[in-house]
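Undergrad: model this:
(chains A, B and C)
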Amino acid sequence: MEKSRVPSARKDGRVIIHFDYDCFYASVFEAQTPALKSLPFAVQQKQIIVTCNYEARRRGLYKLQLIRDARRMCPDVVIELGEDISRFRDASKELYSFLKAFSWSGKVERLGFDEVWLDVSDIVDYNRQLLNRHDLAQSFFQTSRDDPMEGFSFNASKLAGHPYPQNYKRADVTGVVDDLTMRMFLGSHLAQHMRHQLEEQKGYTSTVGIGTTKLLSKLVGNLNKPKGQTTVMPPLDSSIDGPGNAQAFLDRHEIGKIPGIGFKLAQKLRDFILQRPAAFDTGLVYGGTKENVTIADIRGHAEVNPEMLERLLSGPGSPYGIGYKVWCLLHGVDDTEVSQAKAVPSQISIEDSYIRLDTMPELLQELDALAKSLVSRMRVDLLVEEESASKEDDLRSEPVDRALHQVTSKKWLAHPKTLRLTTRPRLPLQPDGTRIRSFKRISHSAPLPNFIFGLSESVDSLAERLVREALIGMFRKLHPEKSGWNLSLVNLAVTNMAETAGESKTAKGRDIGNMFKRQDDVLKDFQVREVSPSPAEGSELETQVVTGGGWDEDVELGDDDLECCGDCGTRMPPFAMVAHRRFHLPAVPALQNHCT
DNA sequence: CTGGGGTCTT
DNA sequence: AAGACCC
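TA: Below you'll find the predicted structure:
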C-alpha cells in the first residue's frame, strides 16, 4: 500500500516554555514602589522612553518613544531615569534563578534581561507517565524528581491558558487526546504554575508561550499580552488535509517579526517579493516597515528555495548557510536547543552616549567613570565566595569572624583576557550644513592588565590606572588626530573570558547543539515522514484528535475554488495546495515524528 | 536628539 | 575588528 508522503521537517519531541516579563524595566520600579502601578509610568534613558507600563500604554505611550512626544501625549506621565541598569540586571538575575530552579535539565536560556526559555521536555514526559488516564481531571503535577508530594493539582484533560488556534477544539469536549496534545496540556499547566509562582513570590507578571520549538514558543506568546499564556496546539504538521497549525500561525507574520530575521534580511526579502526597494519606516521603531510582506508571501513564491535564498541573502556579514536557515524559519523549523545556563557571561560592557564629546578632559572624565563601573561590575559578576578551604571555615561561629573571612575569600570565576574600547564617531558636517547620522562603531582591543584583578586596591584607583595605563593609548589608536573627533558613544568592555579551572563552563557542559553547524547537523537526518496516522497503539491516549484544524471545517469548495498545481497539474483546494507544493520544492530535512 | 546592554559569525 | 542578530 502506497502511503501519502510529504517532506516534513518538524521535530516536535520537545516542550519549550518562553517567558517574557511584562514591561520589565517599569515592573522593576513598580516592585519597589507599588504606588506606581496605578499611574501612567515610564522609564527613560537619555531622550527615550525605553518602556512604560500598561497604564501609560492605554494613554498612547509606547516603547522607544521620544520623551518630548510622550509628555505631549500624556502630561501626567511619571518618569524615572533608567540609564544605570544595575537594578534591572539584578532583578533579571533573580528572576532567572527563580525560574531555573524549576528546571531539571538546566536548559534555561536568557535573552536580554526580560526573556527566558526553558526546555521542560523531561518534566513533561515524567508527568505524562504518572497520569491516570481514567481520571485526568484529578491529576497531580510533580515538580520535583525526588519529592512526590511537591507539586500542584490540575486538570490534565484541559489546556491551561489560551490555545492557538483560538477555535481549537478542546479535549474536554472530544474526550481523547494524542500524545503531543497531552504534552502540550502538561506544558501549559507547568507554565501557568510557574507564572503564578513568579507573580506571588517575586511580584512580576509575565507573558508566556508554549510550543515545541524556541521559535514557536516565543512568537505565540505575543497573542495574549500582558499576563497571558498561549500554547500552539497540534496538528502542527502540514498534511494533505491542510496546513498545520505551525505553518498557519507563521504564515500571517510580517517577515521582519520573525526572530532571526533582522532588518537587513527582512529588507532583502521584501525587495525581492515586491521587485522594488521596499520603503522602510523612518520613524523611531527600528525594524519598522511600511510594506507588509508576510511569510506566506515568501514561502508561496515560485522561485523561493534554499539555494535561491542563499544567493539572495548572503553577503558581507551574513553567515554561511543563511539561505537554508531562513528557509527553515519560513517553514517553522527551528531545531536550535535551549542552551544550558552559563556560569559567566562572555562579555561585560559599559557604555554611555553623548550629544557631544570632543575634548580630551571631558573624554578622560568619561573614561574614568566608565572604568569605575566596569571594575565594579567585574567584581559583581565574576567574583564568587570561595568554597571553604577547611572545615573550620564552616564551623566558625562568630559573625565577625565570618565577615572578615568572607572579605578575603573571594575568588574570580573567570579572568577576562581582553580589554576593548569602542567609540561611535559623529560624522563631520556635510558641505550643505546637514549631518549624516551614523551608528557605525570602531573598536580597538588590547590585553587586559592583570592589576585589575587585585582585590586590595579600591575600585576608583584601579579605574584610574586602567585609564592611564591602557585606555588612553587605545584611544590614540582609534583616533590618532589630536582633535576634530566628536563621539556619540563610548563603550568599555572586557571579553575573552578564561574560566577558572575547576569551574565547569556551564552547569552541564557545552551546548552540543551549538557545536555543530546547523546544516551539517540537520541534513544528515533527512528522512521522509509518513503522514498517514499510524493506528492507535492500544491506549485511548493514543487516539488522535483531528478535528481542531486551523481552517474552517464547514466551507464547501466548488470546482471553481480549486487551484491547479503549476508543476503537475493536479487540482485541489487552496489549503491543500500549501502542503502539495512542498512535493515540488527541495525538501527540508525531516525526522520521524512519532512521539512515543 | 535612536538606549544600554548582550550573542554569535566572518 | 566588524557586522549581523536579540532584547
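
Undergrad: Output stretch A:139-159 as PDB, nothing but the C-alphas.
TA: Extracted in PDB, the C-alpha atoms of stretch A:139-159 (Å, rounded to 0.1, in the frame of the first residue of the first chain):
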ATOM      1  CA  SER A 139      -4.200  14.900  38.400                       C
ATOM      2  CA  PHE A 140      -1.100  15.900  40.300                       C
ATOM      3  CA  PHE A 141       1.800  17.600  38.700                       C
ATOM      4  CA  GLN A 142       5.100  16.600  40.300                       C
ATOM      5  CA  THR A 143       7.600  19.500  40.100                       C
ATOM      6  CA  SER A 144      10.400  17.700  41.900                       C
ATOM      7  CA  ARG A 145      12.000  14.500  40.800                       C
ATOM      8  CA  ASP A 146      12.700  13.500  44.400                       C
ATOM      9  CA  ASP A 147       9.700  14.500  46.300                       C
ATOM     10  CA  PRO A 148       6.400  13.100  45.100                       C
ATOM     11  CA  MET A 149       4.500  15.500  47.300                       C
ATOM     12  CA  GLU A 150       5.900  18.600  45.800                       C
ATOM     13  CA  GLY A 151       3.800  20.000  43.000                       C
ATOM     14  CA  PHE A 152       0.200  21.100  42.300                       C
ATOM     15  CA  SER A 153      -3.200  19.600  41.400                       C
ATOM     16  CA  PHE A 154      -4.500  20.200  38.000                       C
ATOM     17  CA  ASN A 155      -7.000  19.000  35.400                       C
ATOM     18  CA  ALA A 156      -5.000  17.100  32.700                       C
ATOM     19  CA  SER A 157      -7.900  16.900  30.300                       C
ATOM     20  CA  LYS A 158      -7.700  20.600  29.700                       C
ATOM     21  CA  LEU A 159      -5.300  23.200  28.500                       C
END
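
Undergrad: how far out from the middle of the chain is that stretch?
TA: How far stretch A:139-159 lies from its chain's middle: 27 Å, per CA atoms, centre = their mean, to the nearest Å.

Undergrad: Buried residues, it. List them.
TA: Under the neighbour-count criterion of 16 or more other CB atoms under 10 Å, stretch A:139-159 has A:139, A:140, A:141, A:142, A:143, A:151, A:154, A:156, A:157, A:158, A:159 buried. Where you see a C-beta, it was placed from the backbone N, CA and C, and this is true even at glycine.

Undergrad: Can I get these in CSV including secondary structure?
TA: Below are those laid out as CSV (DSSP: H, G, I helix; E, B strand; the rest coil):
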residue, secondary structure
A:139, strand
A:140, strand
A:141, strand
A:142, strand
A:143, coil
A:151, strand
A:154, strand
A:156, coil
A:157, coil
A:158, coil
A:159, coil
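
Undergrad: Quick check: of the residues you listed, which lies closest to DNA strand C?
TA: residue A:159 (25.0 Å; CB to the nearest atom of the strand).

Undergrad: how far away is that closest one from residue A:33?
TA: Using CB to CB, to the nearest Å, we find residue A:159 at a distance of 36 Å from residue A:33.

Undergrad: near DNA strand B, which residues of chain A?
TA: Contact residues (CB under 7 Å from any atom of the strand) of chain A with DNA strand B: A:45-48, A:50, A:64, A:66, A:68, A:83, A:85, A:89, A:112-113, A:284, A:286, A:317-321, A:339, A:342, A:345-353, A:355, A:373, A:377, A:435, A:437, A:489, A:493, A:514.

Undergrad: Just the ones in strands from these, please.
TA: Within those, residues falling in strands by DSSP state E are A:45, A:48, A:50, A:66, A:347-353, A:489, A:493.

Undergrad: Just the buried subset of those, written out for ChimeraX, thanks.
TA: Selection of buried members from those for ChimeraX, criterion 16+ other CB under 10 Å:
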select /A:45,48,50,348,349,350,352,489,493
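
Undergrad: Quick check: which ranges of chain A have low pLDDT?
TA: Along chain A, segments meeting pLDDT under 70 span A:1-9, A:170-176, A:281-287, A:317, A:387-408, A:502-596.

Undergrad: one more time with 50, if that's ok
TA: By pLDDT under 50, the low-scoring segments of chain A are A:1-8, A:284, A:391-397, A:505, A:507-596.

Undergrad: Quick one: residues contacting the closest residue to residue A:55 other than its chain neighbours.
TA: The shortest distance from residue A:55 to any non-neighbouring residue, by CB to CB, 6 or more residues apart in numbering, is to residue A:40 (4.7 Å). Going by CB atoms under 8 Å, 6 or more residues apart in numbering, residue A:40 touches A:52, A:53, A:55, A:56, A:58, A:59, A:61, A:74, A:76, A:77, A:78.

Undergrad: looking at it, the first one is touching residue A:41, isn't it?
TA: Yes - using CB atoms under 8 Å, residue A:52 is in contact with residue A:41, at 6.5 Å.

Undergrad: which residues do the two both contact?
TA: By CB under 8 Å, 6+ apart, residue A:52 and residue A:41 have these common neighbours: A:26, A:77.

Undergrad: Distance to DNA strand C for the buried residues of stretch A:139-159 - can I get that in TSV?
TA: Listed next are those as TSV, based on distance: CB to the nearest atom of the strand, whole Å:
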residue	distance to DNA strand C
A:139	34
A:140	35
A:141	29
A:142	32
A:143	27
A:151	31
A:154	30
A:156	32
A:157	34
A:158	30
A:159	25
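
Undergrad: In JSON lines: those residues, plus distance to residue A:273.
TA: Converted to JSON lines, the buried residues of stretch A:139-159 look like this (distance: CB to CB, whole Å):
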{"residue": "A:139", "distance to residue A:273": "47"}
{"residue": "A:140", "distance to residue A:273": "51"}
{"residue": "A:141", "distance to residue A:273": "45"}
{"residue": "A:142", "distance to residue A:273": "49"}
{"residue": "A:143", "distance to residue A:273": "46"}
{"residue": "A:151", "distance to residue A:273": "49"}
{"residue": "A:154", "distance to residue A:273": "45"}
{"residue": "A:156", "distance to residue A:273": "44"}
{"residue": "A:157", "distance to residue A:273": "44"}
{"residue": "A:158", "distance to residue A:273": "41"}
{"residue": "A:159", "distance to residue A:273": "36"}
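
Undergrad: Which of the residues you listed lies at the shortest distance from residue A:476?
TA: Of all these, residue A:143 has the smallest distance to residue A:476: 57.1 Å, by CB to CB.

Undergrad: Give me the spatial nearest neighbour of that closest one, chain neighbours excluded.
TA: Leaving out its chain neighbours, the residue that sits closest to residue A:143 by CB to CB, 6+ apart is residue A:151, at 4.5 Å.
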